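Engineer: Give the three-dimensional model of this entry:
(one chain, ligands or ions: 1)
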Amino acid sequence: MNAPLYAIPGQTPAAAAPADPAAPAASAARTVGEVLQESQVEAVLDELDRDLVGLAPVKQRIRDIAALLVIDKLRLNQGLQAQTPSLHMCFTGNPGTGKTTVALRMAEILHRLGYVRKGHLVAVTRDDLVGQYIGHTAPKTKEVLKKAMGGVLFIDEAYYLYKPENERDYGGEAIEILLQVMENQRDDLVVILAGYKDRMDTFFQSNPGMSSRIAHHIDFPDYSVDELLQISLKMLQQQHYRFDAGTDAVMRAYLERRIAQPHFANARSVRNALDRARLRQASRLFADRDRALSADDLSTITAADLQASRVFQNPN
Ligand SMILES: Nc1ncnc2c1ncn2[C@@H]1O[C@H](COP(=O)(O)OP(=O)(O)OP(=O)(O)O)[C@@H](O)[C@H]1O
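Structural biologist: Numbering: from 1, shown residues only. Next comes the predicted model:
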């Protein structure tokens, strides 16, 4: 094999050894249960099920990939496979559909199964990889890759790396370096490309090298109003807040309106709406200086806190 052009210091090329250095080339047969027990990977899958509302097809895909990883690990152990499989992925979906959150869990799964050393996630966009002047892109991209080694590199809106309309664009240089590292150091770095489905499809059409290195494509659907409401209740609970009686219905009405407006970003819009409601709750409580505030007062979001939203002021 050729030496990698863009080797990251301290790393070995993918083909050199199985990901788990402790694993002998061919050892005693092991059960799936043993690997699951040792890696505690099921705990991450259960957490994913519990913490994330909806996303049934995504959760199933993650379970399928986890199964493949476990079996590949057993195959590596038995000497049936010489190389770490390609694990790079593409997560498509609209903003706020949970791509980053699921990528974090994926990094944890890969780590627990010994496919990456550290299991951290480095999330970047084009600006973190591509320089504005000649000679700036390669060092920038390599610096990011160095940080991401041992974990997952999550490239949000990855298609912005490729700007065919601008022939002096340096994005292509970043893509070349990424491709090299995705191939040669895939035993210690998993790249997840994320973004809108249609733009990602166009990007892959123009970049077949990138397309051929992606092993798993997962599509994240938009949430229904019911799911968004459940997400809001979950978020409130995590922050020790709650809606008072009747406010669930106001939140639902809010979501029904907000979903139809521009720049709606699924669960991220829910988080923003709740942040604003908490601000209004604080102003409401702040104005009432002489009242002792109970835990109940401090944790209750009322209908008025939500109804002050612009969404309700707008007749559309
Ligand atoms: N199914 C879900 N259940 C509960 N919370 C969720 C769910 N999906 C997303 N969230 C929360 O919504 C917020 C946005 O999610 P996340 O950042 O993962 O989305 P994304 O698809 O990566 O969006 P973007 O690309 O716009 O950053 C996070 O705070 C996340 O915890």
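Engineer: Pull the contacting residues for the spatially most central residue of the chain.
Structural biologist: Central residue of the chain (CA atoms, centre = their mean): T100, 2.2 Å from the mean position. Applying CB atoms under 8 Å, 6 or more residues apart in numbering to T100 gives the contacts 121, 123, 154, 156, 194. C-beta: built from backbone N, CA, C; applies to glycine.
Engineer: Mind doing that once more with 10 Å?
Structural biologist: 91, 121, 123, 154, 156, 192, 194, 268 (CB atoms under 10 Å, 6 or more residues apart in numbering).
Engineer: filter the residues you listed by proximity to the ligand?
Structural biologist: 156, 268 (CB under 6 Å from any ligand atom).
Engineer: and the contacts of T100, which are buried?
Structural biologist: Using 16 or more other CB atoms under 10 Å as the burial test, the contacts of T100 include 91, 121, 123, 154, 156, 192, 194 as buried.
Engineer: could you measure the residue in the stretch 151-300 of the chain that the ligand sits nearest to against A107, distance?
Structural biologist: When scored by CB to the nearest ligand atom, the stretch 151-300 of the chain has A267 as its residue closest to the ligand, at 3.1 Å. Applying CB to CB, to the nearest Å, the value for A267 to A107 is 19 Å.
Engineer: Tell me where the model's unsure across the stretch 201-316 of the chain.
Structural biologist: Scanning the stretch 201-316 of the chain for pLDDT under 70 picks out the ranges 314-316.
Engineer: Get me the contact residues on it for the ligand.
Structural biologist: Counting by CB under 6 Å from any ligand atom, the stretch 201-316 of the chain sits next to the ligand at 231, 234, 265, 267-268, 271.
Engineer: Which one of A267 and A107 is surrounded by more residues?
Structural biologist: Neighbour count, other CB atoms under 10 Å: between A267 and A107, A107 has more, with 26 against 22.
Engineer: Mind pulling up the pLDDT for that one?
Structural biologist: A107 is assigned a predicted lDDT (pLDDT) of 96.
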